[in-house]
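Participant: Structure of the sequence below:
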Amino acid sequence: MIYTVTLNPSIDYVIKLDNLKNGEVNRTKEEYVYPGGKGINVSLILKELGYESRALGFVSGFTGNYIKDVLKDKGLNEDFINIKNGFTRINVKVKSSEETEINGQGPNISEEDLNKLYEKLDTLRENDVLVLAGSIPNTLDSSFYENIMKRLENKNIKIVVDATKNLLINVLKHKPFLIKPNNHELEELFNVKLETVDEIITYARKLKDMGAKNVLISRGKDGALLITENGETFISNVAKGKVKNSVGAGDSMVAGFIAGYLNSKDYKEALKLGAASGGATAFSNDLADKEHIYSLIDEINVERR
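Facilitator: This is a model prediction of the structure:
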């Protein structure tokens, strides 16, 4: 079974307008409402690709109920914990001449609620896949993902971590199966400016040396790069299309990679499906569907470096 964890989900309110004018009344041209959160996105794309997963995390209030209802309507196996205080956050994504985001904080999570999550994670078995994705509420310590990995250390579970800064650095010593920073997050981790593919490869290999088994770097319009546990380097291009939406593209790449690997046990094929999935979402208003993903697969070329 595949499990995803979204500690701080959201309702994403996406609005489009010609030009955002500060201090004035702005009227939208288009607006969309989606359940948001990196783990949720991974689960939704996995379902499109034929893999069931169980979505774990925390929800609260009327916004939390909305997320649960939408996911049930989409046929997703959700097992979120309802917490008593506050409400699940609302994130506003403004798309005009530039993209602007206003992200809510989310509710506080108590020790009792955390223990409920730990109890669910304790049921994972050998060869299960666990995806720890996204930010955590500011009331939790940056060692939280690391603590989960410690707890599951001897179960032979494939753990995927898509996070930034110390959340990511702290887990490396526990040898996650896959990590997926983007190229900007890679720069931030090492406080460097990366101009060339060779420089990106050098610093991706540093993350592998620090413990990650496989390192997947998403590079936006420049494709993706993978350092495998066997020391191989693969580079993919991107499919052609008009970018409509950057939200969820990286999560879609993670889901595609997982599905591709489970399909074939071949890292080159995993990267190919990951790149197609990320591109399909970037070219869609919402997360991509299966047909769109597979329509792009032949455009993806993966080369060994």
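Participant: Tally up the residues packed near Glu291, please.
Facilitator: 9 (other Cβ atoms under 10 Å). In short, each C-beta sits where N, CA and C put it, glycine included.
Participant: Next: the one 10 residues further on.
Facilitator: Neighbouring residues of Asn301 were enumerated by other Cβ under 10 Å; the total is 13.
Participant: Quick check: it touching Val238?
Facilitator: No. Asn301 is beyond contact range of Val238, at 9.9 Å (criterion: Cβ atoms under 8 Å).
Participant: any common contacting residues for the two?
Facilitator: Counting by Cβ atoms under 8 Å, 6 or more residues apart in numbering, Asn301 and Val238 have no shared contacts at all.
Participant: Endpoints of stretch 72-92, how far apart?
Facilitator: End-to-end distance for stretch 72-92, by Cα to Cα, to the nearest Å: 23 Å.
Participant: how far does that stretch sit from the chain's center?
Facilitator: Its chain's C-alpha centre and that of stretch 72-92 lie 17 Å apart, by Cα atoms, centre = their mean, to the nearest Å.
Participant: now do stretch 240-254
Facilitator: Taking mean C-alpha positions (Cα atoms, centre = their mean), stretch 240-254 and its chain are 11 Å apart.
Participant: Check stretch 14-21 too.
Facilitator: Its chain's C-alpha centre and that of stretch 14-21 lie 26 Å apart, by Cα atoms, centre = their mean.
Participant: Okay, buried residues for it please.
Facilitator: Neighbour counts over stretch 14-21 (16 or more other Cβ atoms under 10 Å) mark 14-15, 17 as buried.
Participant: same question, stretch 36-55
Facilitator: By neighbour count with 16+ other Cβ under 10 Å, stretch 36-55 contains the buried residues 36-49, 51, 53-55.
Participant: neighbours around Leu287, how many?
Facilitator: 25.
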